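Undergrad: need a structure here:
(one chain, ligands or ions: 1)
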Amino acid sequence: MCLRGPLASIIALGLTVSAPLGAAQGAAAPPQSKTGAASADPGPMAKQVRAEFLYAWNAYKQYAWGHDELKPLSQSYHDWYGTSLLMTPVDALDTMVLMGLNDEADKTREFIARNLNFDKDIEVQNFEITIRLLGGLLSSYQLTGDKRLLALADDLGNRLLPAFNSPTGMPYIYVNLKTGKTRGAESNPAEIGTLLIEFGTLGKLTGKPAYYDKAKRAVVELYKRRSKIGLVGSVINVETGEWKNPSSHISGGIDSYYEYLLKASILFDDKDCERMWKSSVEAVNKYLADNAHGGLWYGQADMNTGKRLSTHYGALDAFFPAVLTRAHDLDRARRLQESSYKMWTTFGIEPEEFDYSSFRIIQAGYALRPEIMESAYYLSFYTKDPRYVEMASSFIGSLVHYCKTGSGYASLRSVETREKADSMESYFLAETLKYLYLTFAPRETLDLNKVVFNTEAHPIQKTW
Ligand code: DMJ
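TA: Coordinates of the predicted model:
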């Protein structure tokens, strides 16, 4: 049988996917049953992670079904915008597929296809909706062949596009899904530069180049405004192009801008992105890297002078070893991952932010974040060093010990007091447990060379 489009590449990945529900519901023809790793025994640790995934998912279904997110302590739910956009089901769907939870994936996909509706008079955050929903719909479309998911992605992408209508082409933070009205001119590199994987893929899959072009222009306009020494700051006005905060770092608010320069260069073979990535990472390694405190860290520096501003590091910064690994810089990746691991083990579980020169906690919460697991997974895949499986074992151990509740998993208000918070973010199912599962599962489960994960861990395949 000659397969074209998404199904051909699924099979190339060796994945067993849940059978699409048939042409009547808009799905492509089901792939033949494959001997993919998802149907093989994934091993005891992967099975444990899968069981924890089901535990959290079932709690969501019991107390928050049809809503955006579970509130595990009050056994209730939270909708980001007062009406549900099915954040958790969309974010979790491709994890189910990768874990071989076929029945669950089929039911969830059907529920999404029948109930998700973007025709709502709500103002949404372009970045979050893009990485979670657009990314989730696109990867699940590629994994299942269900064209309804692509149609939903196209509808969503179209509604988000007005965000880019600023004088510079860099997007506003918020856009109304019904009216296209925008708000939020003071933005940051992450919200501006973490859109190209999703919009670019949507452009390729729908044959509508405007999606790619607008997201690409936003990144280029941002990059053009880097300082003379090649760094970007934390806050920029998208109408004037003026920097409002010169603090440069790799943490939240900037982080995934760098990630997408590299990943877009790989996924789209985009030479501009490759050039932008190379010159950016050089500046980052020159001015933000800090070898002075018993290991490799990345702190804060002034984007114009390179002067060190502070020595803070945290849960979000821990994504960088994954990016360095994908860029073949294994030496820095390994050293930084050891530092992240020291952060994790020092406190029993990582804080949102601490000072690596004094080990003083700055922000004590733990929001079930995935970045440190993501980096362990990349390093494990590319080095095959058991050290990273060992790290992953300690991560899942701490999660179960500190964050598991009677109904799902909870964030921590403080890694010092271990007090829990009433929140289970959708990325816990999209990213945290997915990366842990993949670290333990046989490497054939997914060939990291054949996909690019968006920043919400939705795997995108180059099918164009
Ligand atoms: C996720 O939504 C994404 O990984 C994003 O890039 C950063 N924040 C969360 C997870 O911590």
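Undergrad: From now on I want contacts and neighbour counts done on CA atoms only, so please keep to that.
TA: Will do.
Undergrad: which ones are touching Asn176?
TA: Contacts for Asn176 (CA atoms under 8 Å, 6 or more residues apart in numbering) come out as Asp121, Ile122, Glu123, Val124, Arg159, Leu160, Thr182.
Undergrad: Close to the ligand: what parts of this structure are there?
TA: Ser256, Arg369, Pro370, Tyr427, Thr455, Glu456 (CA under 6 Å from any ligand atom).
Undergrad: Dump the residues you listed to a markdown table, plus neighbour count and secondary structure.
TA: Formatted as a markdown table, these follow (neighbours: other CA atoms under 10 Å; DSSP: H, G, I helix; E, B strand; the rest coil):
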| residue | neighbour count | secondary structure |
| --- | --- | --- |
| Ser256 | 27 | helix |
| Arg369 | 21 | coil |
| Pro370 | 25 | coil |
| Tyr427 | 21 | helix |
| Thr455 | 23 | coil |
| Glu456 | 22 | coil |
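Undergrad: Could I get the buried residue list for stretch 387-407?
TA: Buried residues in stretch 387-407, counting neighbours by 16 or more other CA atoms under 10 Å, are found at 388-389, 391-396, 398-399, 402-404, 407.
Undergrad: Stretch 231-242 too?
TA: Quick answer for stretch 231-242 (16+ other CA under 10 Å): Leu231, Val232, Gly233, Ser234, Val235, Ile236, Asn237, Val238, Glu239, Gly241.
Undergrad: just to revisit the earlier point, and the residues of the chain next to the ligand, which is closest to Ile197?
TA: Thr455 (9.0 Å; CA to CA).
Undergrad: so that closest one makes contact with Ile131?
TA: Yes: with contacts counted by CA atoms under 8 Å, Thr455 reaches Ile131, the gap being 6.6 Å.
Undergrad: quick one: common contacting residues for these two?
TA: Residues touching both Thr455 and Ile131 (CA under 8 Å, 6+ apart) are Thr194.
Undergrad: Look through the stretch 151-300 of the chain and state the residue closest to the ligand.
TA: Of the residues in the stretch 151-300 of the chain, the one nearest the ligand is Ser256, at a distance of 5.7 Å by CA to the nearest ligand atom.
Undergrad: The spatially closest residue to that residue that is not a sequence neighbour: which element?
TA: With sequence-adjacent residues excluded and distances taken as CA to CA, 6 or more residues apart in numbering, Ser256 is closest to Ala190, at 5.4 Å. For Ala190, the element it lies in under DSSP states H and E is helix 189-193.
Undergrad: Are we agreed that Gly77 is in a strand?
TA: One thing to correct before we go on: residue 77 is Tyr, not Gly. Yes: secondary structure of Tyr77 (DSSP: H, G, I helix; E, B strand; the rest coil): part of a strand.
Undergrad: Show residues contacting the strand or helix carrying Arg335.
TA: Applying DSSP H and E as the criterion places Arg335 in helix 330-347. If you take CA under 8 Å, 6+ apart as the criterion, helix 330-347 is touched by 295-297, 314, 318, 320-322, 324-325, 349-351, 372, 375-376, 379, 391, 415-416.
Undergrad: Now do the buried residues in the longest helix along the chain.
TA: Scanning the chain for the longest helix, with DSSP state H as the assignment, gives helix 44-64. Using 16+ other CA under 10 Å as the test for burial, helix 44-64 gives 45-47, 49-50, 52-57, 59-61, 63-64.
Undergrad: nearest to Ser74, of those?
TA: Nearest to Ser74, judged by CA to CA, of the buried residues of helix 44-64 is Tyr63 at 9.2 Å.
Undergrad: how about Tyr427, what does it touch?
TA: Per CA under 8 Å, 6+ apart, neighbours of Tyr427: Thr88, Asp91, Ala92, Arg132, Arg369, Pro370, Glu456.
Undergrad: err, Tyr223, not the other one
TA: Val232, Met276.
Undergrad: immediately after the one helix or strand it maps to, which helix or strand?
TA: Counting by DSSP H and E, the element that carries Tyr223 is helix 209-224. Downstream of helix 209-224, the next assigned helix or strand under DSSP H and E is strand 235-237.
Undergrad: what comes into contact with that next one?
TA: Under the criterion CA under 8 Å, 6+ apart, residues Ala185, Glu186, Ser187, Asn188, Pro189, Glu242, Trp243, Lys244, Asn245, Pro246 lie in contact with strand 235-237.
Undergrad: Name the member of those with the most neighbours.
TA: Asn188 (27 neighbours; other CA atoms under 10 Å).
Undergrad: what's the nearest residue to that residue if we skip its chain neighbours?
TA: Val235 (4.6 Å).
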